[in-house]
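Undergrad: no sequence on this one, just coordinates:
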């Protein structure tokens, strides 16, 4: 039998729920705890980041691959490398800003051919409360409509919109050199020497530019119509080329973008949706693989016109 003094000297035994504290070392006192390393997502399941972001219109696949190489994209807190795929529940950041990538879920490509009216603007929200083209388009359950280029407020005609960001980026990229054709009404006569100069090239504030083709399209009195073709999408390029020769553009209409032509019977502020066959031709033109189409009963072109709102 132990005396009370011996019982006080005896160390207590740890219980089942009480963990013994590890002995401290001199090295442990000086070292900082290791940083928590985020685990990147898998590379064997899900869908590639660049494909998802390109579909959502964030940037082209090549641009997103460059961002990955520069360490600007994180998933679940970890900087990703090429080949990483996203799966449900992954937390995506681009330049430290959260991207809700789930809304870019894979869906059939849709392309609308919209007839923009003069006075409408190609933006989602206008502080001056001017008519916005996106308000005339059907709503999408996921993703959003992306305009393929722009037309300024005083220009009417063909504008393509799509839910496929990769297709939009390919059609807008300078390397694709998509032809854009315009009908232009000029006030006054245009000398042949001026037309030749516009085809040869003139210096603008942002570099040399020219018309690939110019064709006289008729006209009486003071107004003359011309059809012109350019292969780049610089801001207000067609107007600026004519104005560089002190000529006044009284009306400007885009009638073609690549292989897509503005239908004669399509009224302003209305749209026509491309058929699956037309989509295949557009994908081929853009250098993209065609998609497997979901069977739908699309109406004929004359019935595919949006209503005014």
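TA: Yep, that arrived. Quantities reported herein were computed from a predicted structural model and do not represent experimental measurements. Numbers count the residues shown, from 1 in each chain.

Undergrad: Give me the helices and strands touching the helix or strand where residue 250 lies, please.
TA: For residue 250, the element it lies in under DSSP states H and E is strand 248-257. Applying 3 or more CB pairs under 8 Å, 6 or more residues apart in numbering; DSSP states H and E, one finds that strand 248-257 contacts strand 156-162, strand 180-187, helix 237-243. C-beta here means a position set from N, CA and C on the backbone, and glycine is covered the same way.

Undergrad: and with 10 Å instead?
TA: Where contact means 3 or more CB pairs under 10 Å, 6 or more residues apart in numbering; DSSP states H and E, strand 248-257 is packed against strand 111-116, strand 156-162, strand 180-187, strand 223-230, helix 237-243.

Undergrad: With distance to residue 207 and mean pLDDT as extra columns, can I get these in TSV?
TA: Supplementary listing: these in TSV, determined by distance: least, CB to CB, whole Å; pLDDT from 0 to 100:
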stretch	distance to residue 207	mean pLDDT
strand 111-116	27	97
strand 156-162	25	97
strand 180-187	17	96
strand 223-230	13	96
helix 237-243	11	96
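
Undergrad: for the ones you listed, which one ends up most surrounded?
TA: Mean neighbours per residue, mean count of other CB atoms under 10 Å, is largest over those for strand 111-116, with a mean of 24.

Undergrad: Now find how far off-centre that strand is within its chain.
TA: 16 Å (CA atoms, centre = their mean, to the nearest Å).

Undergrad: Adjust the sequence numbering to begin at 383 for everything that follows.
TA: Sure, I'll start numbering at 383, so the last one becomes strand 493-498.

Undergrad: Residue 533: what secondary structure?
TA: coil (DSSP: H, G, I helix; E, B strand; the rest coil).

Undergrad: pLDDT at it, what is it?
TA: Residue 533 carries a pLDDT value of 95.

Undergrad: go on, residue 583?
TA: Note on residue 583: pLDDT of 95.

Undergrad: Could you do residue 464 as well?
TA: 89.

Undergrad: do the same with residue 675
TA: Per the predicted model, pLDDT is 72 at residue 675.

Undergrad: Now it: closest residue in space, sequence neighbours ignored.
TA: Of all residues not flanking residue 675 in the chain, residue 658 sits nearest, at 4.5 Å (CB to CB, 6 or more residues apart in numbering).

Undergrad: Now do the helices in the chain.
TA: Secondary structure of the chain by DSSP state H: the helices cover 386-391, 408-412, 431-437, 443-451, 547-554, 574-582, 619-625, 658-668.

Undergrad: who does the fifth one touch, helix- and strand-wise?
TA: For helix 547-554, the helices and strands in contact under the criterion 3+ CB pairs under 10 Å, 6+ apart are helix 431-437, helix 443-451, strand 493-498, strand 528-529, strand 538-544, helix 658-668.

Undergrad: ok, now with 8 Å
TA: Against helix 547-554 (3+ CB pairs under 8 Å, 6+ apart) you get helix 431-437, strand 528-529, helix 658-668.

Undergrad: Can you say which of those is nearest to residue 510?
TA: Checking those against residue 510 by CB to CB gives strand 528-529 as the closest, at 18.4 Å.

Undergrad: how far does stretch 522-532 sit from the chain's center?
TA: That offset, for stretch 522-532, works out to 8 Å (CA atoms, centre = their mean).

Undergrad: ignore the last one, stretch 472-492
TA: Offset of stretch 472-492 from its chain centre (CA atoms, centre = their mean): 12 Å.

Undergrad: Stretch 638-650 too?
TA: Here stretch 638-650 shows a centroid-to-chain-centroid distance of 22 Å under the convention CA atoms, centre = their mean.

Undergrad: Kindly report the same for stretch 577-587.
TA: That offset, for stretch 577-587, works out to 31 Å (CA atoms, centre = their mean).

Undergrad: Check stretch 573-584 too.
TA: On CA atoms, centre = their mean, the centre of stretch 573-584 falls 35 Å from the chain's centre.

Undergrad: domain parsing for the chain?
TA: The chain breaks down by automatic domain parsing into domains covering 429-486, 493-557+642-685, 561-639.

Undergrad: In contact with residue 627, which residues are there?
TA: 572, 576, 579, 580, 584 (CB atoms under 8 Å, 6 or more residues apart in numbering).

Undergrad: do that again at 7 Å, thanks
TA: 576, 580 (CB atoms under 7 Å, 6 or more residues apart in numbering).

Undergrad: Do me a favour and get the backbone dihedrals for it.
TA: Backbone torsions of residue 627, given as degrees, to the nearest 10, read phi -110, psi 20.

Undergrad: How much space separates it from residue 588?
TA: Distance, residue 627 to residue 588, using CB to CB, to the nearest Å: 17 Å.
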